[in-house]
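[1] Predicted model and sequence below, questions to follow.
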Amino acid sequence: MSTLISKLEAEHSGDYNHALTPVVIENVTSVNGCMLEKPLRGVFAKEKDRAIHLHGDSYQLIPYETILSGVSDSLDEYGIDLNGASVKFDVTGSLSRMRLRVLFGDNTEFGSHLMQYDPNDRLKFGIEIVSSYDASVIFKLQTMFLRLICDNGMKTLEPINSSLRKHTLEFNVNDAFEKLKYLNDSFKNLTSRFETYQSVKLTRPEVDGLLKKFAKGVESKVYLLNQVLEKRNEHTLWDVYNALTNYSEHNQRAIPVGKRTDKEYDIRKSSMDKIRSNDKRNEEVQDFIQSNNFLIFVHQGVSNQLRSN
(Lines give C-alpha, C1' and ligand atoms only; values in the text may rest on other atoms or scores of the structure.)
Protein backbone atom coordinates (compact mmCIF):
# COMPACT_ATOMS: atom_id res chain seq x y z
CA MET A 1 0.00 0.00 0.00
CA SER A 2 1.38 3.41 -0.99
CA THR A 3 2.08 5.89 1.79
CA LEU A 4 1.87 9.65 1.63
CA ILE A 5 5.61 10.00 2.24
CA SER A 6 6.47 7.60 -0.60
CA LYS A 7 4.22 9.59 -2.95
CA LEU A 8 5.79 12.89 -1.90
CA GLU A 9 9.27 11.47 -2.44
CA ALA A 10 8.34 10.12 -5.87
CA GLU A 11 6.14 12.94 -7.19
CA HIS A 12 7.17 16.11 -5.34
CA SER A 13 10.76 15.50 -4.31
CA GLY A 14 11.86 19.12 -4.80
CA ASP A 15 9.19 20.77 -2.68
CA TYR A 16 9.19 17.88 -0.20
CA ASN A 17 12.94 18.09 0.41
CA HIS A 18 12.68 21.86 0.72
CA ALA A 19 9.94 21.43 3.35
CA LEU A 20 12.28 19.16 5.32
CA THR A 21 14.75 22.04 5.80
CA PRO A 22 15.59 21.94 9.54
CA VAL A 23 14.02 24.80 11.48
CA VAL A 24 14.58 25.88 15.07
CA ILE A 25 12.92 28.31 17.45
CA GLU A 26 15.06 30.59 19.60
CA ASN A 27 14.45 33.44 22.00
CA VAL A 28 15.19 36.86 20.51
CA THR A 29 16.07 39.58 23.00
CA SER A 30 17.19 42.34 20.64
CA VAL A 31 16.49 43.57 17.11
CA ASN A 32 19.01 45.69 15.20
CA GLY A 33 20.96 46.23 18.42
CA CYS A 34 17.94 47.45 20.40
CA MET A 35 16.92 45.44 23.47
CA LEU A 36 13.33 44.26 23.48
CA GLU A 37 11.16 44.90 26.50
CA LYS A 38 9.79 41.37 26.15
CA PRO A 39 11.66 38.54 24.36
CA LEU A 40 10.21 37.18 21.12
CA ARG A 41 10.41 33.67 19.70
CA GLY A 42 12.11 33.52 16.32
CA VAL A 43 11.76 30.74 13.75
CA PHE A 44 15.03 30.19 11.87
CA ALA A 45 16.05 27.99 8.96
CA LYS A 46 18.90 26.27 10.76
CA GLU A 47 21.24 25.43 7.86
CA LYS A 48 20.77 28.77 6.12
CA ASP A 49 20.98 30.82 9.33
CA ARG A 50 17.99 32.84 8.16
CA ALA A 51 15.09 34.22 10.17
CA ILE A 52 11.67 33.25 8.85
CA HIS A 53 9.48 35.11 11.35
CA LEU A 54 9.31 36.51 14.88
CA HIS A 55 6.45 35.48 17.19
CA GLY A 56 5.14 36.13 20.68
CA ASP A 57 6.02 33.95 23.64
CA SER A 58 2.98 31.65 23.20
CA TYR A 59 4.00 30.43 19.74
CA GLN A 60 4.69 26.72 19.19
CA LEU A 61 6.83 25.59 16.27
CA ILE A 62 5.35 22.63 14.38
CA PRO A 63 7.84 21.55 11.67
CA TYR A 64 6.40 20.64 8.30
CA GLU A 65 8.18 17.29 8.58
CA THR A 66 6.16 16.54 11.74
CA ILE A 67 2.91 17.39 9.95
CA LEU A 68 3.63 15.37 6.82
CA SER A 69 4.90 12.29 8.63
CA GLY A 70 2.00 12.47 11.12
CA VAL A 71 -0.61 12.61 8.37
CA SER A 72 1.11 9.78 6.50
CA ASP A 73 1.22 7.56 9.60
CA SER A 74 -2.42 8.31 10.48
CA LEU A 75 -3.72 7.54 6.99
CA ASP A 76 -1.81 4.27 7.13
CA GLU A 77 -3.08 3.48 10.64
CA TYR A 78 -6.72 4.01 9.63
CA GLY A 79 -6.33 1.86 6.53
CA ILE A 80 -6.90 4.63 4.00
CA ASP A 81 -5.40 3.40 0.74
CA LEU A 82 -3.46 5.94 -1.33
CA ASN A 83 -3.12 3.72 -4.40
CA GLY A 84 -4.74 5.73 -7.17
CA ALA A 85 -4.72 8.89 -5.05
CA SER A 86 -3.68 12.25 -6.48
CA VAL A 87 -1.25 14.27 -4.34
CA LYS A 88 -0.34 17.95 -4.71
CA PHE A 89 2.17 19.66 -2.45
CA ASP A 90 3.37 23.25 -2.39
CA VAL A 91 5.75 25.13 -0.12
CA THR A 92 6.88 28.72 -0.57
CA GLY A 93 10.53 29.39 -1.31
CA SER A 94 10.86 31.26 1.99
CA LEU A 95 9.31 28.28 3.87
CA SER A 96 6.61 30.65 5.15
CA ARG A 97 3.66 28.47 4.09
CA MET A 98 2.86 24.94 2.93
CA ARG A 99 -0.18 23.20 1.50
CA LEU A 100 -0.89 19.51 0.95
CA ARG A 101 -3.86 18.19 -1.04
CA VAL A 102 -4.77 14.52 -1.38
CA LEU A 103 -7.64 13.33 -3.60
CA PHE A 104 -8.49 9.70 -2.84
CA GLY A 105 -8.82 7.07 -5.55
CA ASP A 106 -12.04 5.28 -6.43
CA ASN A 107 -10.78 2.19 -4.60
CA THR A 108 -11.58 3.84 -1.24
CA GLU A 109 -15.06 3.83 0.33
CA PHE A 110 -15.33 7.59 -0.21
CA GLY A 111 -13.48 8.01 -3.47
CA SER A 112 -16.20 9.86 -5.40
CA HIS A 113 -19.86 10.86 -5.29
CA LEU A 114 -22.45 11.29 -8.07
CA MET A 115 -24.95 14.07 -7.36
CA GLN A 116 -28.53 12.76 -7.17
CA TYR A 117 -30.15 15.48 -9.30
CA ASP A 118 -27.44 15.39 -11.97
CA PRO A 119 -25.54 12.07 -12.30
CA ASN A 120 -23.00 13.80 -14.55
CA ASP A 121 -21.98 15.99 -11.62
CA ARG A 122 -19.22 13.89 -10.03
CA LEU A 123 -17.26 14.88 -6.93
CA LYS A 124 -13.86 13.57 -5.84
CA PHE A 125 -13.16 13.51 -2.11
CA GLY A 126 -9.91 14.30 -0.32
CA ILE A 127 -8.16 16.29 2.36
CA GLU A 128 -6.19 19.52 2.50
CA ILE A 129 -3.68 20.60 5.12
CA VAL A 130 -2.22 24.09 5.35
CA SER A 131 0.27 25.44 7.85
CA SER A 132 2.86 28.18 8.15
CA TYR A 133 5.96 29.30 10.00
CA ASP A 134 5.02 32.99 9.77
CA ALA A 135 1.43 32.87 11.15
CA SER A 136 0.02 33.98 7.79
CA VAL A 137 -2.25 30.91 7.89
CA ILE A 138 -3.21 28.84 10.91
CA PHE A 139 -2.97 25.04 10.91
CA LYS A 140 -5.98 23.55 9.13
CA LEU A 141 -6.89 19.94 8.41
CA GLN A 142 -9.90 19.99 6.09
CA THR A 143 -11.90 17.73 3.84
CA MET A 144 -12.01 18.69 0.18
CA PHE A 145 -14.22 17.96 -2.81
CA LEU A 146 -13.17 18.50 -6.41
CA ARG A 147 -16.07 18.95 -8.82
CA LEU A 148 -15.11 17.06 -11.98
CA ILE A 149 -17.96 18.29 -14.19
CA CYS A 150 -16.42 21.73 -14.26
CA ASP A 151 -13.35 22.51 -16.34
CA ASN A 152 -12.09 25.06 -13.82
CA GLY A 153 -12.05 22.44 -11.05
CA MET A 154 -14.21 24.06 -8.37
CA LYS A 155 -13.17 22.93 -4.91
CA THR A 156 -14.87 23.10 -1.55
CA LEU A 157 -13.09 22.93 1.79
CA GLU A 158 -14.61 22.01 5.15
CA PRO A 159 -12.85 21.58 8.52
CA ILE A 160 -12.78 18.05 9.99
CA ASN A 161 -14.33 18.41 13.45
CA SER A 162 -12.88 21.90 13.89
CA SER A 163 -9.26 21.00 13.13
CA LEU A 164 -8.34 24.67 12.81
CA ARG A 165 -5.80 25.79 15.36
CA LYS A 166 -3.30 28.54 15.96
CA HIS A 167 0.26 27.46 16.75
CA THR A 168 -0.07 28.08 20.49
CA LEU A 169 1.67 26.06 23.18
CA GLU A 170 -1.49 24.12 24.16
CA PHE A 171 -2.08 22.83 20.61
CA ASN A 172 -1.36 19.11 20.19
CA VAL A 173 -1.11 18.42 16.46
CA ASN A 174 -1.52 14.66 17.03
CA ASP A 175 -5.11 15.31 18.16
CA ALA A 176 -5.81 16.73 14.71
CA PHE A 177 -4.35 13.67 12.98
CA GLU A 178 -6.64 11.38 14.99
CA LYS A 179 -9.65 13.09 13.41
CA LEU A 180 -8.74 11.47 10.10
CA LYS A 181 -10.61 8.43 11.43
CA TYR A 182 -13.83 10.43 10.86
CA LEU A 183 -13.30 10.90 7.13
CA ASN A 184 -16.22 8.64 6.22
CA ASP A 185 -18.56 10.65 8.46
CA SER A 186 -17.36 13.89 6.85
CA PHE A 187 -17.92 12.40 3.40
CA LYS A 188 -21.52 11.41 4.20
CA ASN A 189 -22.40 14.69 5.94
CA LEU A 190 -21.03 16.87 3.16
CA THR A 191 -22.59 14.94 0.27
CA SER A 192 -25.95 15.06 2.07
CA ARG A 193 -25.60 18.82 2.46
CA PHE A 194 -24.68 19.25 -1.20
CA GLU A 195 -27.76 17.27 -2.26
CA THR A 196 -29.82 19.72 -0.19
CA TYR A 197 -28.16 22.66 -1.94
CA GLN A 198 -28.97 21.15 -5.32
CA SER A 199 -32.64 20.68 -4.39
CA VAL A 200 -33.20 24.40 -3.67
CA LYS A 201 -34.45 26.32 -6.70
CA LEU A 202 -33.59 30.02 -6.87
CA THR A 203 -34.87 32.80 -9.08
CA ARG A 204 -32.33 35.04 -10.75
CA PRO A 205 -33.14 37.94 -8.35
CA GLU A 206 -32.50 35.61 -5.40
CA VAL A 207 -29.15 34.59 -6.91
CA ASP A 208 -28.20 38.23 -7.46
CA GLY A 209 -29.20 39.05 -3.89
CA LEU A 210 -26.98 36.30 -2.45
CA LEU A 211 -23.98 37.28 -4.57
CA LYS A 212 -24.32 40.96 -3.62
CA LYS A 213 -24.55 40.10 0.08
CA PHE A 214 -21.46 37.90 -0.14
CA ALA A 215 -19.58 40.61 -2.06
CA LYS A 216 -20.88 43.29 0.35
CA GLY A 217 -21.98 45.34 -2.61
CA VAL A 218 -18.57 45.44 -4.36
CA GLU A 219 -19.51 45.31 -8.05
CA SER A 220 -16.17 43.96 -9.27
CA LYS A 221 -16.52 41.02 -6.86
CA VAL A 222 -20.07 40.32 -8.05
CA TYR A 223 -18.76 40.35 -11.61
CA LEU A 224 -16.10 37.78 -10.68
CA LEU A 225 -18.68 35.50 -9.04
CA ASN A 226 -20.97 35.68 -12.06
CA GLN A 227 -18.30 34.38 -14.43
CA VAL A 228 -19.16 30.75 -13.64
CA LEU A 229 -22.94 31.13 -13.63
CA GLU A 230 -24.80 30.39 -16.83
CA LYS A 231 -27.19 33.08 -18.07
CA ARG A 232 -30.58 31.60 -17.20
CA ASN A 233 -33.63 32.59 -15.17
CA GLU A 234 -33.48 29.76 -12.65
CA HIS A 235 -30.58 28.40 -10.64
CA THR A 236 -30.07 26.28 -7.54
CA LEU A 237 -28.32 26.98 -4.26
CA TRP A 238 -25.69 24.49 -5.48
CA ASP A 239 -24.90 26.83 -8.38
CA VAL A 240 -24.38 29.73 -5.98
CA TYR A 241 -22.25 27.61 -3.67
CA ASN A 242 -20.01 26.59 -6.55
CA ALA A 243 -19.66 30.23 -7.64
CA LEU A 244 -18.42 31.00 -4.12
CA THR A 245 -15.96 28.09 -4.03
CA ASN A 246 -14.71 29.00 -7.49
CA TYR A 247 -13.95 32.47 -6.13
CA SER A 248 -12.08 31.01 -3.15
CA GLU A 249 -10.07 28.55 -5.24
CA HIS A 250 -8.94 30.87 -8.02
CA ASN A 251 -6.50 33.61 -7.14
CA GLN A 252 -8.13 36.22 -9.38
CA ARG A 253 -9.60 39.70 -9.17
CA ALA A 254 -11.72 41.84 -11.49
CA ILE A 255 -10.11 45.17 -12.47
CA PRO A 256 -12.36 47.94 -13.89
CA VAL A 257 -11.45 49.13 -17.39
CA GLY A 258 -12.66 52.20 -19.28
CA LYS A 259 -15.03 54.67 -17.67
CA ARG A 260 -16.56 53.86 -14.30
CA THR A 261 -20.05 53.86 -15.86
CA ASP A 262 -19.03 51.18 -18.40
CA LYS A 263 -18.85 48.44 -15.72
CA GLU A 264 -16.38 46.43 -17.77
CA TYR A 265 -13.64 44.39 -16.12
CA ASP A 266 -10.44 42.51 -16.85
CA ILE A 267 -9.80 39.30 -14.90
CA ARG A 268 -6.25 39.30 -13.54
CA LYS A 269 -4.21 37.24 -11.13
CA SER A 270 -4.16 38.56 -7.58
CA SER A 271 -0.85 39.78 -6.19
CA MET A 272 -1.28 37.59 -3.07
CA ASP A 273 0.35 34.14 -3.21
CA LYS A 274 -2.09 31.33 -3.92
CA ILE A 275 -1.85 29.46 -0.59
CA ARG A 276 -2.67 32.56 1.44
CA SER A 277 -5.30 33.81 -1.03
CA ASN A 278 -7.15 30.46 -1.09
CA ASP A 279 -7.05 30.27 2.69
CA LYS A 280 -8.43 33.77 3.30
CA ARG A 281 -11.11 33.46 0.62
CA ASN A 282 -12.23 30.10 1.93
CA GLU A 283 -12.72 31.71 5.34
CA GLU A 284 -14.97 34.27 3.64
CA VAL A 285 -17.02 31.48 2.07
CA GLN A 286 -17.30 29.53 5.34
CA ASP A 287 -18.51 32.62 7.20
CA PHE A 288 -21.12 33.35 4.54
CA ILE A 289 -22.61 29.85 4.24
CA GLN A 290 -23.03 29.84 8.02
CA SER A 291 -24.86 33.19 7.94
CA ASN A 292 -28.63 33.64 7.94
CA ASN A 293 -28.45 35.01 4.40
CA PHE A 294 -27.48 31.55 3.13
CA LEU A 295 -29.00 29.31 5.79
CA ILE A 296 -32.55 30.52 5.16
CA PHE A 297 -32.38 28.79 1.78
CA VAL A 298 -30.73 25.68 3.26
CA HIS A 299 -33.60 25.34 5.75
CA GLN A 300 -36.03 25.67 2.85
CA GLY A 301 -34.29 22.76 1.12
CA VAL A 302 -34.38 20.58 4.24
CA SER A 303 -38.11 21.27 4.62
CA ASN A 304 -38.73 20.35 0.99
CA GLN A 305 -36.82 17.08 1.40
CA LEU A 306 -38.78 16.17 4.55
CA ARG A 307 -42.09 16.82 2.80
CA SER A 308 -41.08 14.72 -0.20
CA ASN A 309 -40.19 11.81 2.10
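    Thanks, I have the structure now.

[2] Quick check: buried residues in stretch 38-54?
    By 16 or more other C-beta atoms under 10 Å, the buried positions in stretch 38-54 come out as 40-45, 52-53. (C-beta placed from N, C-alpha, C; glycine too.)

[3] Narrow the residues you listed to those in strands?
    Mapping the buried residues of stretch 38-54 onto strands (DSSP state E) picks out 40-45, 52-53.

[4] Spatially, which two of those are the most separated?
    The span of those, defined through C-beta to C-beta, is set by Leu40 and Ala45 at 16.8 Å.

[5] just to revisit the earlier point, CSV for the ones in strands among the buried residues of stretch 38-54, including distance to Thr203?
    Listed next are these as CSV, based on distance: C-beta to C-beta, whole Å:
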residue, distance to Thr203
Leu40, 55
Arg41, 54
Gly42, 55
Val43, 51
Phe44, 57
Ala45, 55
Ile52, 50
His53, 48
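
[6] Among these, pick out the one closest to Ser199, please.
    His53 (46.0 Å).

[7] And Tyr133, its phi and psi?
    With angles defined as degrees, to the nearest 10, Tyr133 shows backbone torsions of phi -100, psi -10.

[8] same thing with the one 4 residues further on?
    Backbone geometry at Val137, expressed as degrees, to the nearest 10, gives phi -140, psi 140.

[9] Please report how far it lies from Glu283.
    Per C-beta to C-beta, to the nearest Å, Val137 is found 10 Å from Glu283.

[10] pretty sure Glu234 is touching Val200, no?
    No: assessed by C-beta atoms under 8 Å, Glu234 is found out of contact with Val200, at 11.1 Å.

[11] out of the two, which sits in the busier spot?
    For Glu234 versus Val200, neighbours defined as other C-beta atoms under 10 Å are more numerous around Val200 (22 against 11).

[12] about what we covered before: so for Val137 and Glu283, which sits in the more crowded spot?
    Taking other C-beta under 10 Å, Val137 and Glu283 do not tie; Val137 has more neighbours (19 against 16).

[13] Not counting its neighbours along the chain, what's nearest the more buried one?
    Asp279 (4.6 Å; C-beta to C-beta, 6 or more residues apart in numbering).
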